[in-house]
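**Q** Show me the folded form of this:
(2 chains)
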Amino acid sequence: MSDLKTDASAGELSSPRLAQFQEEVGKLKVSGGGANPERLGAQWGIGLTILGFVIAAISYISARQDTQFEFIQRDSIAAMIGVGIAIIGIAIWVRNSITRYLRYWIIRLVYEQREQTELLIKALKEK
Amino acid sequence: MTALRPLAGLGPIDVVPVMELTAVRAGYGTIDVLHGIDIALMPGEVFALLGPNGAGKSTTLGVACGAITPHSGSLFLCGRDVTGASADALSRAGVCLIPEGRGIFPNLSVSENLRMASFSGVPYRAVLDRAFTQFPRLGERRKQTAGTLSGGEQQMLAMARALATEPAVLLIDELSMGLAPIIVEELYEHVRGIAALGLSILIVEQFAHEILGIAHRAGIMLHGRLLHSGAPDVIASELAEAYLGSDHQHLHGG
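**A** The predicted structure follows:
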């Protein structure tokens, strides 16, 4: 910004409270950017699920075409890993979706409760 | 990120903004409300952020207090990048928001509301003393349910609770909302007193008259952008045009 000069009456950072504030800011733990972590988590969950199923499908097709036991065994293991990744992905997606839903739900409850209280107070005042 | 970030060309630590938002884009879900906001709040400064409904003023405060994480851009406190820090961590450090609509507990008494401020670590007795010294009317109504107070008294309670936590940066959202002009005038007298203590205050208002008399600087927001910022008298002359658009000039033969 170009107009950073403050009025002469504005204070300076030398005041004890501001010095303390600066110290406390220095101690802050910052987890970093990531707006809306639940959405990001849900997207990761969907991504892992798709990846897991793709690995499982490719392994299944590959196993069907194999003739030797070792290759069938290798593809079966890969397919199981794929299914495992898909299950983890589903779990991550469910966890984050539920958290998002519950967050909205609690906000809704808070607002409803506040509205109810205000209605009650209004009714009491009118009495 | 822990590196200090003094402002380019301004050198010493006493000109590092207490709070600074740089190129902040933020919003709700996939919708961006702020489209690259730059605001610097200097130590002891009162910065008035003005603009019509839906301009993004409250969202800016949300980012400043850590309640909303920006999609891009940064929040700096005393030169440190604290983007992504939680609202409660910022609150403990000394960033305090008085939300729009007062944000008090309507079904608790005045004293009980003030007790909530004591959880920040300030002794309850000290909270009460400070609140009742600054707002004697609250002392007279200490046992009254907060929801039954008048609008002005509720706003005083919200301010008292905020000040009790000894904030370094105070964010005030629409202090005048739903209040009679005479009450607003009285509340702004309190804000003037708070500002004289050396607190840095970022105050959001839809109506400019009172706040421009207190602010050191002001800015006009429109459609998620900071259109102008500067001295209050300059901003006052630009307000009508910013709110009403160029048609206002035509109407006045400009």
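**Q** only C-alpha atoms for contact and neighbour calcs from this point on.
**A** Fine.
**Q** Strands of chain B, start to end?
**A** Using DSSP state E, the strands found in chain B span residues B:19-28, B:31-41, B:46-50, B:72-77, B:80-81, B:95-98, B:169-173, B:200-205, B:217-222, B:225-230.
**Q** Mind putting the ones you listed into JSON lines with mean neighbour count?
**A** As requested, these are arranged in JSON lines below (neighbours: other Cα atoms under 10 Å in any protein chain shown):
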{"stretch": "strand B:19-28", "mean neighbour count": "22"}
{"stretch": "strand B:31-41", "mean neighbour count": "19"}
{"stretch": "strand B:46-50", "mean neighbour count": "29"}
{"stretch": "strand B:72-77", "mean neighbour count": "22"}
{"stretch": "strand B:80-81", "mean neighbour count": "23"}
{"stretch": "strand B:95-98", "mean neighbour count": "26"}
{"stretch": "strand B:169-173", "mean neighbour count": "25"}
{"stretch": "strand B:200-205", "mean neighbour count": "27"}
{"stretch": "strand B:217-222", "mean neighbour count": "24"}
{"stretch": "strand B:225-230", "mean neighbour count": "20"}
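**Q** pretty sure residue B:83 contacts residue B:71?
**A** No: counting by Cα atoms under 8 Å, residue B:83 sits too far from residue B:71 to count as a contact (10.2 Å).
**Q** Neighbour count for these two, which is higher?
**A** Neighbours per residue (other Cα atoms under 10 Å in any protein chain shown) separate residue B:83 from residue B:71, with residue B:83 holding more: 26 against 19.
**Q** Can you name the residues bridging to the nearest residue to the more buried one once chain neighbours are set aside?
**A** Once flanking residues are discounted, residue B:83 sits nearest to residue B:75: 4.9 Å by Cα to Cα, 6 or more residues apart in numbering or on different chains. For residue B:75, the beta-bridge partners are residue B:21 (DSSP bridges).
**Q** Check the gap between residue A:61 and residue A:70 for me.
**A** Residue A:61 sits at a distance of 15 Å from residue A:70 (criterion: Cα to Cα, to the nearest Å).
**Q** related to what we said a few turns ago, check the residue nearest to residue B:83 and give its pLDDT.
**A** On the pLDDT scale, residue B:75 is placed at 93.
**Q** try residue A:33
**A** On pLDDT, residue A:33 comes in at 52.
**Q** One more: residue B:161?
**A** On the pLDDT scale, residue B:161 is placed at 89.
**Q** That one touches residue B:112, doesn't it?
**A** No: if you go by Cα under 8 Å, residue B:161 and residue B:112 don't touch, sitting 10.4 Å apart.
**Q** who has more neighbours, the two?
**A** residue B:161 (26 against 18).
**Q** what sits against that one?
**A** Applying Cα atoms under 8 Å, 6 or more residues apart in numbering or on different chains to residue B:161 gives the contacts B:113, B:114, B:116, B:117, B:127, B:131.
**Q** Need the max-distance pair from these.
**A** Greatest spatial distance among the contacts of residue B:161 (Cα to Cα): B:116 and B:131, at 12.6 Å.
**Q** distance of the residue nearest to residue B:83 from residue B:111?
**A** 34 Å.
**Q** what about residue B:237, neighbour count?
**A** By the measure other Cα under 10 Å, the count of residues near residue B:237 is 10.
**Q** go on, residue A:21?
**A** With neighbours defined by other Cα under 10 Å, the count for residue A:21 comes to 23.
**Q** do the same with residue B:132
**A** When neighbours are counted by other Cα under 10 Å, residue B:132 registers 18.
**Q** which non-adjacent residue is nearest it?
**A** In space, and not counting its chain neighbours, residue B:132 is closest to residue B:139: 5.0 Å by Cα to Cα, 6+ apart.
**Q** Residue B:116 and residue B:131: who's more crowded?
**A** Remark: of residue B:116 and residue B:131, residue B:131 carries more neighbours, 24 against 16, as counted by other Cα under 10 Å.
**Q** show me what contacts the nearest residue to residue B:32 once chain neighbours are set aside?
**A** In space, not counting the residues next to it along the chain, residue B:32 is nearest to residue B:26; the distance is 5.4 Å by Cα to Cα, 6+ apart. Residues in contact with residue B:26 (Cα under 8 Å, 6+ apart) are B:32, B:33, B:34, B:35, B:59, B:63, B:68, B:69, B:70, B:71, B:72.
**Q** Which pLDDT does the model give residue B:26?
**A** Residue B:26 is given a pLDDT of 90.
**Q** And it, how far from residue A:102?
**A** Taken as Cα to Cα, the span from residue B:26 to residue A:102 is 22 Å.
**Q** before we move on, the earlier item: just give me the closest of the contacts of residue B:161 to chain A.
**A** The shortest distance between chain A and any of these, using Cα to the nearest Cα, involves residue B:113 and amounts to 14.9 Å.
**Q** wait, the closest one sits on residue B:105?
**A** Yes: if you go by Cα under 8 Å, residue B:113 and residue B:105 touch, sitting 6.4 Å apart.
**Q** Need the overlap of contacts for those two.
**A** Looking at what touches both residue B:113 and residue B:105 (by Cα under 8 Å, 6+ apart), the common residues are residue B:146.
**Q** which helices and strands sit right next to the helix or strand containing residue A:41?
**A** With elements taken from DSSP states H and E, the one containing residue A:41 is helix A:37-65. If you count contacts as 3 or more Cα pairs under 8 Å, 6 or more residues apart in numbering or on different chains; DSSP states H and E, helix A:37-65 packs onto helix A:69-126.
**Q** what's the first-to-last distance across stretch B:207-222?
**A** Rule used - Cα to Cα; the end-to-end distance of stretch B:207-222 is 14 Å.
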